[in-house]
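Engineer: fold the stuff below for me.
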Amino acid sequence: MAGPRHDPSLYRDRDVVPIRRALVSVSDKSGLLSLAEALVGAGVEIVSTGSTAATIRDAGHEVTDVATVTGFPEMLDGRVKTLHPNVHGGLLADLRLEHHETQLGEFDIAPFELVVVNLYPFVETVRSGAEGDDVVEQIDIGGPAMVRASAKNFANVAIVVSPESYPSIIQAVADGGTSLVQRRELAARAFAHTSAYDTAVAQWFAEETIAGEVDLPDHLTIQAEKLANLRYGENSHQRAAIYSRVGGHGIAQATQLQGKEMSYNNYVDADAALRAAYDMVLPAVAIIKHANPCGIAVAAANALDPIASAHLRAHECDPVSAFGGVIAANRPVTLKMAENLRDIFTEVIVAPDFEPAALEVFAEKKNLRLLKLPTDWQQERMDVRLVSGGLLLQDADRFPEDDYESVAEGWQLVAGEQPEDISVQELVFAWKSCRAVKSNAIVLARGGATVGVGMGQVNRVDSCRLAVERAGDRAAGSVAASDAFFPFSDGPEVLMNAGIKVIIQPGGSVRDEETIALARERGVTMYFTAARQYSPARPPGRPRGPGCAASRPSRQVVRRRRVPPPPAPPRARAPRGSRSPS
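Structural biologist: From the prediction side, this is the model:
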């Protein structure tokens, strides 16, 4: 089915259209009375609905209720108000065509020259944290219908969707009417407005309904609004900007409290740091440089200032690399932590909040960027990555929130025994930290703090050597975690030679038996997780967590690989009751 086609000679010229009748129905009442006063003063009939009509009438202006026009009262809690031929006929009649004008007369329908509509606050409702029916009730039906009808008929009708346009309409009323150019511009804004609105609704439904193992959608919609231009991108010759997705609760919505403008790379590193810090249950700090961790740690047991303790322990992992790093904390930054940072050059600190005394200390560092997270900050459910000609979408790799036991629940003890002096929480800490490192990733950790990190090497044995080299004497007695299986036993041998006591890896190599045999021979405990944390090095600008209409809740979403159980002692039970690092 398609719209009718008319002989071009039938259209009459129509440029300036005087405003005699206006339909006004808005949820945002700002500027409404000034507009109404101008319209009434020019003798314009105002037709309105519900609370809009009441607001105008209470101000002493005459209003025609839309029910008078339709012959029907508003019904179904206001769901049906304007969906009627007496309204839409007046919006869609193309008065350049004589037969349209005749038909309006036959049905006694008066045309509208101005429509002022802004839609129910759907996006704002979602941002507020509302759920279910409370959100659904904010899906506007009649509003978008009126907006689209009026925008289609811009040759005759001026459509206004934002109070920002009121001054120009007030001026047009004074000048004798709206021009064709003005109406066309307003129509373009109106179609963009309804498009963004519909995208937000589609996105919300996708996020709410795609769950479990349901296939990812056939069509993907991404909507975002530009917040600011950035000085440049990853490099100085690249343009860049920061965008906010509808319903976002992440780094893009953070409030900058002080410091220079955020850069493209600052945002990338801050987001990576947040993910690493918030993977932990206990107070934790992550220090990131070029998307890789310089150190991750949780607070020491019985620390007087837990978050300050976590920062010091993270910094000790690699103080040289931490210079000029980006720091994320999963607890409010305290005065003590601020004082510890007084002589450490740092680019960005992001946290849920900052103590007033801490802000006073940081005020001495004018260039230091401080970001306060939105109160509803949350990790993204989906990951997206641009590829030439398209994009890749996947479930985000997430750990269970506030739960460490379930992380290790499926682990298999394939060599040695659970060391009495290393808790399961410490093992989980090493495994979680490994996820923050780009592959090939090896993390050495001890007591809830990283002591050596080997990242981004093209073979796993080199990452082992790098982690051991950076750890130095601290490698002895530590826990090693590998983000993927060891294809040969040479990597584990490097770790064992350095005195590592426990190795955690996914398993799944055809040479697993060789690695297990070496661990047993050397008296080293080895766990297979049956899940990997592979995170290949990629350009810092990789988009993450878009405003995409494809998102679903998940716990730790990772690809599970069945590992043939080798002959080994029974799986050790995780120690309970210990609240060590996680």
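Engineer: burial of Thr255, as a residue count?
Structural biologist: Here the count is done by other Cβ atoms under 10 Å, and Thr255 has 9 residues near it. In short, each C-beta sits where N, CA and C put it, glycine included.
Engineer: show me what contacts the nearest residue to it once chain neighbours are set aside?
Structural biologist: Excluding its sequence neighbours, the residue lying closest to Thr255 (Cβ to Cβ, 6 or more residues apart in numbering) is Lys372, at 4.7 Å. With contacts defined as Cβ atoms under 8 Å, 6 or more residues apart in numbering, the neighbours of Lys372 are 254-257, 350-354.
Engineer: which parts of stretch 513-528 are buried?
Structural biologist: 515-516, 518-520, 522, 524-528 (16 or more other Cβ atoms under 10 Å).
Engineer: secondary structure class for Thr102?
Structural biologist: Applying DSSP: H, G, I helix; E, B strand; the rest coil to Thr102 yields a three-state assignment of helix.
Engineer: ok so, going back, most neighbours among the contacts of Lys372, which one is it?
Structural biologist: Val350 leads the contacts of Lys372 on contacts (other Cβ under 10 Å) with 27 neighbours.
Engineer: per-residue confidence, that one, what does it come out as?
Structural biologist: Val350 carries a pLDDT value of 97.
Engineer: quick check: it is in a strand.
Structural biologist: Yes. Assessed by three-state DSSP, Val350 belongs to a strand.
Engineer: so what's the closest residue to it other than its chain neighbours bridging to?
Structural biologist: With sequence-adjacent residues excluded and distances taken as Cβ to Cβ, 6+ apart, Val350 is closest to Leu371, at 4.1 Å. Counting by DSSP bridges, Leu371 is bridged to Gln256, Val350.
Engineer: quick check: Leu371 touching Ala252?
Structural biologist: No. With contact defined as Cβ atoms under 8 Å, Leu371 does not reach Ala252; the gap is 10.4 Å.
Engineer: give me the residue at the spatial middle of this structure.
Structural biologist: Nearest to the mean C-alpha position of the chain, by Cα atoms, centre = their mean, lies Gly248 at 4.0 Å.
Engineer: Ser482 versus that residue, what's the distance?
Structural biologist: With distances taken as Cβ to Cβ, to the nearest Å, Gly248 is found 33 Å from Ser482.
Engineer: ok, His99 next?
Structural biologist: With Cβ to Cβ as the criterion, His99 and Ser482 are 77 Å apart.
Engineer: looking at those two, which one has more neighbours?
Structural biologist: Ser482 (31 against 10).
Engineer: what sits up against stretch 251-260?
Structural biologist: Taking Cβ under 8 Å, 6+ apart as the rule, stretch 251-260 contacts 227, 242-245, 262, 267, 270-271, 274, 348, 350, 354, 359, 362-363, 365-374, 377.
Engineer: what subset of these is buried?
Structural biologist: 242-245, 262, 267, 270-271, 274, 348, 350, 354, 359, 362, 365, 368-374, 377.
Engineer: so which of those residues belong to helices?
Structural biologist: Those of the buried ones among the contacts of stretch 251-260 mapping onto helices are 267, 270-271, 274, 359, 362, per DSSP state H.
Engineer: skip the chain neighbours and tell me the closest residue to Leu392.
Structural biologist: Counting by Cβ to Cβ, 6+ apart, the residue nearest Leu392 is Arg385, at 4.8 Å.
Engineer: shouldn't the one you found be within a strand?
Structural biologist: Yes. According to three-state DSSP, the state of Arg385 is that of a strand.
Engineer: could you tell me how far it is located from Pro332?
Structural biologist: Where Pro332 is concerned, Arg385 sits at a distance of 33 Å (Cβ to Cβ).
Engineer: tell me the domain boundaries of this structure?
Structural biologist: 13-209, 249-372, 387-528 (automatic domain parsing).
Engineer: ranges for the strands of the stretch 401-550 of the chain?
Structural biologist: When secondary structure is read from DSSP state E, counting those that start in this stretch, the stretch 401-550 of the chain shows strands at 412-415, 442-445, 450-454, 479-482, 502-505, 525-528.
Engineer: just name the most buried of those strands.
Structural biologist: strand 442-445 (a mean of 31; mean count of other Cβ atoms under 10 Å).
Engineer: show me what counts as buried in stretch 375-394.
Structural biologist: Across stretch 375-394, burial judged by 16+ other Cβ under 10 Å covers 377, 379-384, 393.
Engineer: sorry, wrong one. I was asking about stretch 314-329.
Structural biologist: 314-315, 317-318, 321-322, 325-329.
Engineer: from these, which land in strands?
Structural biologist: 325-329 (DSSP state E).
Engineer: Gln505 pairs with what?
Structural biologist: Applying DSSP bridges to Gln505 yields these beta-bridge partners: Phe528.
Engineer: I figured it hits Phe485, correct?
Structural biologist: Yes. Counting by Cβ under 8 Å, Phe485 is a contact partner of Gln505 at 5.7 Å.
Engineer: Gly523 and Gln394, how far apart?
Structural biologist: Distance, Gly523 to Gln394, using Cβ to Cβ: 39 Å.
Engineer: got it, and Asn459?
Structural biologist: Asn459 is 25 Å from Gln394, by Cβ to Cβ.
Engineer: next SSE after the helix or strand Arg148 falls within?
Structural biologist: Using DSSP states H and E, Arg148 maps to helix 142-152. Next helix or strand after helix 142-152 toward the C-terminus (DSSP H and E): strand 158-160.
Engineer: show me what the mean pLDDT comes to for that following strand.
Structural biologist: For strand 158-160, mean pLDDT rounds to 92.
Engineer: return the list of helices and strands in contact with it.
Structural biologist: The helices and strands touching strand 158-160, judged by 3 or more Cβ pairs under 8 Å, 6 or more residues apart in numbering; DSSP states H and E, are strand 114-118, helix 142-152, helix 166-175, helix 180-209.
Engineer: most neighbours per residue, which of the ones you listed?
Structural biologist: strand 114-118 (a mean of 26).
Engineer: how distant is that strand from the center of its chain?
Structural biologist: With Cα atoms, centre = their mean, to the nearest Å as the basis, strand 114-118 stands 32 Å off its chain's centre.
Engineer: go on, stretch 508-519?
Structural biologist: Worked out by Cα atoms, centre = their mean, stretch 508-519 lies 40 Å from the chain centre.
Engineer: got the CA positions of that stretch in CSV?
Structural biologist: Presented in CSV, the C-alpha positions along stretch 508-519 are these (Å, rounded to 0.1, in the frame of the first residue of the first chain):
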residue,chain,number,x,y,z
GLY,A,508,41.2,-27.5,27.6
SER,A,509,44.5,-27.9,25.9
VAL,A,510,45.4,-31.2,24.2
ARG,A,511,48.5,-31.1,26.3
ASP,A,512,46.7,-30.6,29.6
GLU,A,513,48.1,-34.0,30.9
GLU,A,514,51.7,-32.7,30.5
THR,A,515,50.9,-29.6,32.5
ILE,A,516,49.1,-31.5,35.2
ALA,A,517,51.9,-34.0,35.5
LEU,A,518,54.5,-31.2,35.9
ALA,A,519,52.4,-29.6,38.6
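Engineer: circling back: dump the helices and strands packed on strand 158-160 into TSV; add distance to Arg14 and mean pLDDT as well.
Structural biologist: Putting those into TSV (distance: least, Cβ to Cβ, whole Å; pLDDT from 0 to 100) gives the following:
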stretch	distance to Arg14	mean pLDDT
strand 114-118	15	90
helix 142-152	15	87
helix 166-175	15	90
helix 180-209	7	81
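Engineer: quick one on the thing from earlier: what's the least confident stretch among the domains of the chain?
Structural biologist: Of all the domains of the chain, domain 13-209 has the smallest average pLDDT, which comes to a mean of 83.
Engineer: next one: that one to chain centre, how far?
Structural biologist: 32 Å.
Engineer: start to end distance for stretch 347-356?
Structural biologist: 20 Å (Cα to Cα, to the nearest Å).
Engineer: could you do stretch 359-367 as well?
Structural biologist: In stretch 359-367, first residue to last residue: 13 Å (Cα to Cα).
Engineer: ok, Thr49 to His84 distance?
Structural biologist: 12 Å.
Engineer: what sits against the residue lying closest to Val524 once chain neighbours are set aside?
Structural biologist: What sits nearest to Val524 in space, not counting adjacent residues and going by Cβ to Cβ, 6+ apart, is Met496, at 5.4 Å. Met496 makes contact with 503, 518-519, 522, 524, according to Cβ under 8 Å, 6+ apart.
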